[in-house]
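Q: Sequence first, predicted coordinates after that:
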Amino acid sequence: MLINSAIFLHCILVSTMFLQPKARQHPQEPEDLFSNSNANAPPVPPRSSASSSLVTSPSASASSSSPLVPAFFIIGDSSVDCGNNNFLGTLARADHLPYGRDFDTHKPTGRFCNGRIPVDYLALRLGLPFVPSYLGQSGMVEDMIHGVNYASAGAGIIFSSGSELGQHISFTQQIEQVTDTFQQFILSLGEAAANDLISNSLFYISIGINDYIHYYLLNMSNVQNLYLPWSFNQFLATTVKQEIMNLYNANVRKVVVMGLAPIGCSPYYLWLYGSQNGECVKEINDMIMEFNFVMRYMLEELGEELHDANIIFCDVFEGSMDILKNYKRYGFNFTADACCGLGRYRGWIMCLSPEMACSNASNHIWWDQFHPTDVVNAILADNVWSSLHTGMCYPSNLQDMLVAKAR
């Protein structure tokens, strides 16, 4: 019976994803969210007390006539995908309700969240409009001049990670898209102006979790017999380091690299491993902590090597565990159950329809099987920006990095 139900729900999943109207048939978000005028930046919707700083004072930069950086470029996976996968043939799409129900437009945009993702909050901090997806804009320089989001749900550092879900834009492919964008800037603005824009812009990288979810933990290509977790982590971190060096050679100088979240605490793995009382899966979290340790160390080395670059590493595991351990202080009631899904912890089947969602996502840490709610995203963005709730960025938070650079 359980197997038949799983097959039935899988069929629903496939039909739901592929029978959605094509994303180009309707705007992803209202035009004013992408306006170059900071006066048109969207208001911050009400949040819990944990993220009240974004409600009462979205930051001076968000209302300033001059943004802190000229542009914001984003590379990553579903943690920061704002709609690229809407244009791909994949199961990894969030272009249907209840995704986006608490977003500014109350419509699905392709974000894997009930509302905003971390880079939306950071864009406001920087004094910029929300960053458009690479596949969702016209390709004209004027649409990309304030930044582009290249992130693709299902993407990993390894090219084939997540391929069982369908199409995605891998880490390497996203870097190639960044290079294409730079070439367009050079052709339209001239080499000097383009290089100045690139070197003063902020680049945000959030990728790697799918290399565990859809590759290592599934033992794809017999990887567990070829690589112990430590060797696998070294391989992933070295690949990221090399791509950052490639970006540096293209005049990128400001980079934020996000560590990985504690997916051993996610509803999916709590369900899969049969967690009795919501205890996190230690062996999974140990691998994630190890990757973050290796990535931080390699980036510290790289920062010493590239003296004119500003590279910070933000440990999402640290920030997330602070929320999980102190959930009452942050105003959450549910630490293990997702707001949307089916099965124990709502972790068995992903979020497919509004009927599967809870009525109030703000008291949940998890939105679906793997992704946090927008309240959690706001808290983590606070920490990246100013270490407001807990320090998780090294050697400094983003605000300090930009202030130090401005001196």
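A: Noted; the coordinates are in hand.
Q: Just checking, which helix or strand of this structure averages the lowest pLDDT?
A: helix 52-56 (a mean of 34; mean pLDDT, DSSP states H and E).
Q: Show me the shaky parts of the chain.
A: 1-65, 405-407 (pLDDT under 70).
Q: Give me the number of neighbouring residues for Asn285.
A: 19 (other CB atoms under 10 Å). Quick note: C-beta positions are derived from backbone N, CA and C, even for glycine.
Q: ditto for the one 10 residues further on
A: Residue crowding around Met295 was assessed by other CB under 10 Å; the count is 24.
Q: do Asp77 as well
A: Residues near Asp77, counting by other CB under 10 Å: 30.
Q: Then Asn149?
A: Asn149: 30 neighbours (other CB under 10 Å).
Q: Please report how far Gly343 lies from Pro108.
A: Going from Gly343 to Pro108 by CB to CB, to the nearest Å gives 23 Å.
Q: in this structure, which helix has the most residues?
A: Using DSSP state H, we find that the single longest helix of the chain is helix 282-305.
Q: downstream neighbour of it in the secondary structure list?
A: strand 310-314 (DSSP states H and E).
Q: so how far is that next one from its chain's centroid?
A: 16 Å (CA atoms, centre = their mean, to the nearest Å).
Q: What strands line up against that strand, and which way round?
A: strand 254-258 (parallel), strand 393-394 (antiparallel) (DSSP bridges).
Q: Contacts made by the helix or strand just after that strand with the rest, please.
A: Using DSSP H and E, the helix or strand that follows strand 310-314 in sequence is helix 316-325. Residues from elsewhere that reach helix 316-325 (CB atoms under 8 Å, 6 or more residues apart in numbering): 258-262, 265, 280, 285, 288-289, 292, 330, 332, 335, 365, 372, 376, 379-380, 383, 389-390, 392.
Q: Keep only those of those that are in strands.
A: If you go by DSSP state E, those have Met258, Thr335, Ile365 in strands.
Q: Out of the residues you listed, give me the one that has the most neighbours.
A: Going by other CB under 10 Å, Met258 tops the ones in strands among the contacts of helix 316-325 with 28 neighbours.
Q: Wait, that residue touches Phe203, no?
A: No: counting by CB atoms under 8 Å, Met258 stays clear of Phe203, with 11.5 Å between them.
Q: next one: phi and psi at Leu342?
A: Backbone geometry at Leu342, expressed as degrees, to the nearest 10, gives phi -130, psi 160.
Q: Hmm, I typed the wrong one, I wanted Gly391.
A: Dihedral angles for Gly391 - degrees, to the nearest 10 - are phi -80, psi 120.
Q: ok, how many other residues are close to it?
A: 16.
Q: how much space between it and Asn383?
A: 7 Å.
Q: Mind listing the shared neighbours of these two?
A: Asn397.
Q: Strands along the stretch 101-250 of the chain, start to end?
A: 202-206 (DSSP state E, counting those that start in this stretch).
Q: That one: helices as residue ranges?
A: Using DSSP state H, counting those that start in this stretch, the helices of the stretch 101-250 of the chain run over 118-126, 141-144, 171-189, 191-200, 210-211, 223-226, 229-249.
Q: Now the fourth one: buried residues?
A: Buried residues in helix 191-200, counting neighbours by 16 or more other CB atoms under 10 Å, are found at Ala194, Asn195, Leu197, Ile198, Ser199.
Q: I'd like these written out as JSON lines, with distance to Asp81 added.
A: Below are these laid out as JSON lines (distance: CB to CB, whole Å):
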{"residue": "Ala194", "distance to Asp81": "26"}
{"residue": "Asn195", "distance to Asp81": "28"}
{"residue": "Leu197", "distance to Asp81": "24"}
{"residue": "Ile198", "distance to Asp81": "23"}
{"residue": "Ser199", "distance to Asp81": "26"}
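Q: so how many other residues sit close to the closest residue to Gln174 other than its chain neighbours?
A: Nearest non-adjacent residue to Gln174, counting by CB to CB, 6 or more residues apart in numbering: Tyr150, 4.2 Å away. Here the count is done by other CB under 10 Å, and Tyr150 has 25 residues near it.
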